[in-house]
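Undergrad: here is a sequence together with a model predicted from it:
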Amino acid sequence: MKQLKAKIITVPKLLAVIFCVMTLLSMKAHATFANSPCGARAAAMGGAFTAIPGGAEAACSNPATLVETTSPELTAVYGRLYSGLTDDSEIGQGYFGFAMPVKRYLPGAAAFSWSDIRLSDAFSESAFTVSYATHVYRGVNAGLSLKYLRRGYVSDAYTAMDPVFSDGYSKGALGADLGFFWRPEPRYALGLTIKNLNKPDLGLASSDPLPVEVRAGVSYAVKSSLLDFDAAFSDSDYNLSAGAEYFFQRRFALRMGLSAGNDARRSVNMGLGGRFGLAEFNYAFSLPIGGISGTVGSHLLAFSFRFGAEPAGAEQAAAAAAAAELRRAEEKISLQGEKIRVLQDKLDSVVKQSSEQARQPVQPAVVPAQIPGPQQSEVSREIESLRQELDKARADMEALKARAAAKPAAVKPAPAAQPVRRNYVVKEGDTLESIAAAIYGDSERWPEIYRANAGSLGRGGEVKPGQVLALP
């Protein structure tokens, strides 16, 4: 890129292209492959997404978070970056991702994604990525992404005269990312991603390797809110970001994020989202407030579809946290069983040694020297101590088993429906919605009651006290 810039700086058209590319890369020679959030949810949170389960967006943030994907998910994203540039350049972003658990074949989850950033039909960067994540050790999860990266330029009268393009107008290379994800407590999670491990080279006439980027993050989830803080380092560059997400009415979300780095790069981000059945829509807006000027901001719109019932937002994180806690409990049960076996063997050895000493012929002259009173007392104390530790280990294991058995009920997305009665007598203040909520545990099932009693209901589904309704 540096050599390219030096050779064509006198050509006005290519200079405008290079200026836009440098703007896109935040004034650095490398970086759309390094630090551009792929999804609207991540972008609205300022890119602070390393310690958040990303589903189909995980390939861009942290592949290890795929382990908390509980159902197949499809995501498509379209973005318009840095709108309003003075040279009327259009920078577009596209992303397509698919993620799913693969426990039937492998213990983990896998994903495929494609991303593309394109500048006015003059420059483009694309990536095809395959990711896999699995549980590795004591609650720690690891993920690996293998990707094919391609950087290309469009041929025109100006580039045809430049020797930089004598061998072609594009360059591709293979790259690899490694990620880790750990949830020590249901509310907390830690993430670490190392991108471009092999420094893939995308230079044309000269070497232009992508730098290794290290990004770490921590997230905190409560019932309806989620917070994340990230720090990213790449060569001499650094970037700090923080994001927040708030859910309300079980289906809508508001998001906000701040991002700041060296060279005065700063941005404020915000967005919203909504889930309707299995479909989900997210929007993000990002406005640079430092480092980049002459733009009115970037816009991303994402559509996602999940092939299976799954709790939304913070509830999804809570369900995933419960599953992670269950795995930790099972591991503790295994370790506790091994501890019990070792203690039992040790206890049996001490008891056997004591019994053998007791069966030896008694010789009055040497008994005090062979088995003195203090030694016998020490052996007895050791046996009692081992028995107490063994009983405690067994009790701990039973408690862990009981907690593990109770966990599956805790991750159910909704409470069990109330027993269905065949008739219902309307009380003062009742509506079809309140009756559905009381009988079925879901107010949105009121149309079922309406259809079953359409001939006896008032206008608009009005019900009267004392009226008897048939329940389907």
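TA: Right, received. Where do you want to start?

Undergrad: what about the helices in the protein?
TA: Assigned helices in the chain, in chain order: 2-8, 12-24, 32-35, 40-44, 58-61, 313-359, 367-370, 373-410, 432-440, 446-452 (criterion: DSSP state H).

Undergrad: could you export the fifth one as PDB, CA atoms only?
TA: It refers to helix 58-61. In PDB, the C-alpha atoms belonging to helix 58-61 read as follows (Å, rounded to 0.1, in the frame of the first residue of the first chain):
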ATOM      1  CA  ALA A  58     -18.900 -14.500  16.000                       C
ATOM      2  CA  ALA A  59     -16.400 -14.900  13.100                       C
ATOM      3  CA  CYS A  60     -15.700 -11.200  13.200                       C
ATOM      4  CA  SER A  61     -15.500 -10.800  16.900                       C
END
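
Undergrad: helices and strands around that helix, which ones?
TA: strand 91-101, strand 108-119, strand 123-137, strand 140-153 (3 or more CB pairs under 8 Å, 6 or more residues apart in numbering; DSSP states H and E). C-beta: built from backbone N, CA, C; applies to glycine.

Undergrad: dump the ones you listed into JSON lines; add mean neighbour count, mean pLDDT and distance to F252 as well.
TA: Below are these laid out as JSON lines (neighbours: other CB atoms under 10 Å; pLDDT from 0 to 100; distance: least, CB to CB, whole Å):
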{"stretch": "strand 91-101", "mean neighbour count": "21", "mean pLDDT": "92", "distance to F252": "23"}
{"stretch": "strand 108-119", "mean neighbour count": "21", "mean pLDDT": "91", "distance to F252": "26"}
{"stretch": "strand 123-137", "mean neighbour count": "19", "mean pLDDT": "91", "distance to F252": "29"}
{"stretch": "strand 140-153", "mean neighbour count": "20", "mean pLDDT": "92", "distance to F252": "29"}
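
Undergrad: how about these, which one is nearest V222?
TA: strand 140-153 (22.1 Å; CB to CB).

Undergrad: give me the angle between the closest one and strand 108-119.
TA: 30 degrees (axes from the mean of the first three to the mean of the last three CA atoms, to 10 degrees).

Undergrad: related to what we said a few turns ago, I'd like the helices and strands packed on helix 58-61 as a markdown table, with distance to G179 appended.
TA: Listed next are the helices and strands packed on helix 58-61 as a markdown table, based on distance: least, CB to CB, whole Å:
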| stretch | distance to G179 |
| --- | --- |
| strand 91-101 | 14 |
| strand 108-119 | 12 |
| strand 123-137 | 7 |
| strand 140-153 | 4 |
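
Undergrad: can you pull the contacts of L227?
TA: By CB atoms under 8 Å, 6 or more residues apart in numbering, the residues touching L227 are 219-221, 242-245.

Undergrad: ok, and the closest non-adjacent residue to K427?
TA: P465 (6.1 Å; CB to CB, 6 or more residues apart in numbering).

Undergrad: which pLDDT value belongs to the spatially most central residue of the chain?
TA: Centroid-nearest residue in the chain: P53, 1.2 Å away (criterion: CA atoms, centre = their mean). Looking at P53, its pLDDT reads 89.

Undergrad: likewise A242?
TA: At A242, the model reports a pLDDT of 95.

Undergrad: what's around it, how many residues?
TA: Look at A242: counted by other CB atoms under 10 Å, it has 18 neighbours.

Undergrad: now swap in the one 10 residues further on and tell me
TA: Around F252 there are 15 other residues, counting by other CB under 10 Å.

Undergrad: the spatially closest residue to it that is not a sequence neighbour pairs with what?
TA: Computed as CB to CB, 6+ apart, the closest residue to F252 that is not its neighbour in sequence is G274, at 5.1 Å. Note on G274: beta-bridge partners by DSSP bridges are F252, F281.

Undergrad: the residue nearest to K427 touches E428, doesn't it?
TA: Yes - applying CB atoms under 8 Å as the test, P465 and E428 come out as touching, 4.9 Å apart.

Undergrad: compare neighbour counts for these two and give me the winner.
TA: More neighbours surround P465 than the other of P465 and E428, with 10 against 7 (other CB under 10 Å).

Undergrad: that older thread, list the contacts for the residue nearest to K427?
TA: 426-428, 430.

Undergrad: can I get the buried part of those residues as one PyMOL selection?
TA: The following PyMOL line selects those of those that are buried, judged by 16 or more other CB atoms under 10 Å:
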select buried, resi 426+430
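
Undergrad: show me which of the contacts of P465 is closest to F181.
TA: D430 (47.6 Å).

Undergrad: so who does that closest one touch?
TA: D430 neighbours (CB under 8 Å, 6+ apart): 463, 465.

Undergrad: just the pLDDT at it, thanks.
TA: pLDDT at D430 comes out at 85.

Undergrad: of the contacts of P465, which belong to strands?
TA: Assigned to strands by DSSP state E, none of the contacts of P465 qualify.

Undergrad: show me which pair in the contacts of P465 is furthest apart.
TA: Every pair of the contacts of P465 checked by CB to CB; the farthest is V426 and E428, at 8.4 Å.
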